[in-house]
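Novice: sharing a sequence plus its predicted fold:
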Amino acid sequence: MKKTFKILTLALFLLVSLNSRANDGIDLKVGDQQYLLVSLSKVEKGALLSLLGENKEIIYKDRILEEDSITRKFDFNGLPDGEYTLKLDREFHISTSVITKIKDKLIINYRSNLLIFKPLYRGDEDQVSVYLANPEKNRVEIKIFDKFGVPVGILTCNDLVIKKKLDFSEVPPGNYTVQIKTKTNNFTKTLVVG
C-alpha cells in the first residue's frame, strides 16, 4: 500500500510538471526590429539563461543573481538566418524554446518548447539513490566511474520514473562520477563516497 502511494504521488508530480511545460514562468515576445523580449517570472537565484546558435555555440549567457522577475532583450539584427535555442537551466529542470530567424522576421516555435528533468540524488556515505523522470520511457544509461575514469558499474532502464539505489559499500572511499545518458541529454555528477 505504501509503495502504491509513492508511485501515485510520483505520477501526480510528473503530470503536474508536464502540464507546467507551457507555463514555466517564461514569457517570450517578438518586438520591433528583430528583438526578442524574454520575461522570467518565477526565477530562482543561480539559474542560467543562454541563447545558443544552430551549432549549439553560446551567443549569450547570464547567471541570474536575483530572485525576482527579470526581463532580457535579445537583438537578432546581426545574426544570420537559422534556428536559435533559448535555454533556462534551473536546479531541477531545463527549459528550452526554439526561435527561428528568417530574413527580417523572428518566429517563436511554441510546439518545440521542452521541459527536461534533471536527475535528483539523495543518500548518505555508502548508499545514493538516483531519481529521474522519464516521461517518454526512453532508454536511459547510468555509468559510474572511479577517480581514474575506470567504469565500476553500468545500469540501463526505460521506466517512467527511474529510481535506482547505488551501493558504494563494497568500494574504496573517494570520488566517483555518475554519468546519466538519456535520448537527448547527458548529466554528470561527482559523488564523494566514504
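Specialist: Cool, got the structure. Numbers count the residues shown, from 1 in each chain.
Novice: mind listing what the closest residue to Ala47 other than its chain neighbours touches?
Specialist: Excluding its sequence neighbours, the residue lying closest to Ala47 (C-beta to C-beta, 6 or more residues apart in numbering) is Ile64, at 4.4 Å. Yep, even glycine has a C-beta here, placed from its N, CA and C like the rest. By C-beta atoms under 8 Å, 6 or more residues apart in numbering, the contact list for Ile64 reads 40, 43-49, 70.
Novice: from the residues you listed, which has minimum pLDDT?
Specialist: Minimum pLDDT for those is recorded at Val43 (80).
Novice: how about the secondary structure of that one?
Specialist: Following DSSP: H, G, I helix; E, B strand; the rest coil, the label given to Val43 is coil.
Novice: hey, where'd the helices end up in the chain?
Specialist: 2-19 (DSSP state H).
Novice: which pLDDT value belongs to Ser129?
Specialist: For Ser129, the predicted pLDDT is 93.
Novice: make that Asp32, sorry
Specialist: Note for Asp32: predicted pLDDT of 84.
Novice: distance of it relative to Phe76?
Specialist: 12 Å (C-beta to C-beta, to the nearest Å).
Novice: centroid residue for the chain?
Specialist: A centroid search over the chain (C-alpha atoms, centre = their mean) returns Ile94, at 3.1 Å, as the residue closest to the centre.
Novice: the nearest residue in space to it that is not next to it in sequence: what's it in contact with?
Specialist: Ranked by C-beta to C-beta, 6+ apart and with sequence neighbours excluded, the top spatial neighbour of Ile94 is Ile116, at 4.4 Å. Ile116 sits next to 93-96, 184-185 when contact means C-beta under 8 Å, 6+ apart.
Novice: can we see that at 7 Å?
Specialist: Residues near Ile116 by C-beta atoms under 7 Å, 6 or more residues apart in numbering: 93-94, 185.
Novice: can you list these in CSV and add distance to Ile26?
Specialist: Below are the contacts of Ile116 laid out as CSV (distance: C-beta to C-beta, whole Å):
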residue, distance to Ile26
His93, 12
Ile94, 12
Asn185, 19
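Novice: just the residues you listed: which are in strands?
Specialist: Of the positions in those, 93-94 sit in strands, assigned by DSSP state E.
Novice: from the contacts of Ile64, pick the one nearest Leu86.
Specialist: Leu49 (7.6 Å; C-beta to C-beta).
Novice: setting aside sequence neighbours, what's the nearest residue to that closest one?
Specialist: That would be Asp62: by C-beta to C-beta, 6+ apart, it lies 4.8 Å from Leu49.
Novice: what about the one you found, neighbour count?
Specialist: Neighbourhood size, Asp62 [other C-beta atoms under 10 Å]: 12.
Novice: likewise for Lys164?
Specialist: 17.
Novice: show the contacting residues for the nearest residue to it once chain neighbours are set aside.
Specialist: Of all residues not flanking Lys164 in the chain, Val130 sits nearest, at 4.9 Å (C-beta to C-beta, 6+ apart). Going by C-beta under 7 Å, 6+ apart, Val130 touches 119, 121, 142, 164, 166, 178.
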